[in-house]
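Enquirer: Give me a model of this one.
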Amino acid sequence: MRFLSLQSHVAYGYVGNRAATFPLQRLGHEVWAVNTVEFSNHTGYGAWRGRTAPAEQVADIVDGIEALGLLPGCDALLTGYVGDAALGDVVLDTARRVRAANPRALWCCDPVLGDVDTGIYVKPGIDVFFRERALPAADLVTPNHFELEHLTGRTVGTMAEALAAARSLLGGPRLALITSLRRSDTPSDQIEMIAVTREVAWRIATPLIGFEVMPNGTGDMVAALFTAFWLESGDVPDALGRVASAVYAVLEATSERGERELQLVAAQDRLVAPPRRFKAEKL
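Expert: Predicted coordinates:
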């Protein structure tokens, strides 16, 4: 399959396009990576160098891809971190172009806003862009627990609340994948994901690995891999089981090596053939 991916880029570490591109390529897929920022490292370190790509530059690169006649062969558009409102317009225009060229193409929108341990780390107004413009137009949305609460204005403490909040995002999307779900009524040593449609939902839980500093980029990897698995099989619980197993394998290898950054290269064989398999359950 072929993916057009508009996401951030770092020279060191694995977030954004760096967390999405290699796993997809290792699984045999083509990725056309368009970088929305060029940083030395992700912002979780507190200091970094580089700059956000001007919206005109991102649009120009998409123009070049379109000029080659490649968009009809694009199976999915992946979008994540949006630096400013002007770039948001480019994301929406890119989605329009991809769908015009291939109506079957799927848009996975990861509404990157922040996390429970960081709070919001995007510019003011980006949450409004996602809530009012991007999410309603996407096919698949992949917020984490924090982003789900922020986008919906709801507190999510139970499964019923998580399902209700996820379904409130489905005015346009067919599916919501909620990552890093931590409910008050589940064991403290587990972490969950749920995949939710208007009619049905599935849950999967994996052991919570104790990191001194949780690696960044996990959500970017999940969004990319789930999109690929879902496109490949058309089966939501199968895709959920495969992505949970692959991501757990990478996190386990990262913990074993005592690293802060996702060990995607070292764990590439585990990613393809996870030693431990997890299965989704229908709710």
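Enquirer: With just CA atoms, put stretch 155-169 into PDB.
Expert: Below are the C-alpha coordinates for stretch 155-169, written out as PDB (Å, rounded to 0.1, in the frame of the first residue of the first chain):
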ATOM      1  CA  THR A 155     -14.500  13.600  31.700                       C
ATOM      2  CA  VAL A 156     -13.600  10.000  30.900                       C
ATOM      3  CA  GLY A 157     -13.300   7.800  33.900                       C
ATOM      4  CA  THR A 158     -15.400   4.700  33.000                       C
ATOM      5  CA  MET A 159     -15.900   2.600  29.900                       C
ATOM      6  CA  ALA A 160     -19.400   4.000  29.400                       C
ATOM      7  CA  GLU A 161     -18.000   7.500  29.500                       C
ATOM      8  CA  ALA A 162     -15.200   6.600  27.100                       C
ATOM      9  CA  LEU A 163     -17.600   5.000  24.600                       C
ATOM     10  CA  ALA A 164     -20.000   8.000  24.800                       C
ATOM     11  CA  ALA A 165     -17.100  10.500  24.300                       C
ATOM     12  CA  ALA A 166     -15.700   8.500  21.400                       C
ATOM     13  CA  ARG A 167     -19.100   8.200  19.600                       C
ATOM     14  CA  SER A 168     -19.500  11.900  19.900                       C
ATOM     15  CA  LEU A 169     -16.600  12.300  17.500                       C
END
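Enquirer: show me what contacts residue 204?
Expert: Applying Cβ atoms under 8 Å, 6 or more residues apart in numbering, we find residue 204 in contact with 192-194, 240-241, 244, 278-281. C-beta coordinates here come from the backbone N, C-alpha and C atoms, glycine included.
Enquirer: pretty sure it is in a strand, no?
Expert: Yes. Residue 204 forms part of a strand when assessed by DSSP: H, G, I helix; E, B strand; the rest coil.
Enquirer: got the contact list for stretch 125-145?
Expert: 79, 82, 84-85, 88, 91-92, 95, 106-111, 113, 115-116, 120, 150-151, 156, 169, 171-182, 219, 222-223, 226-227, 230.
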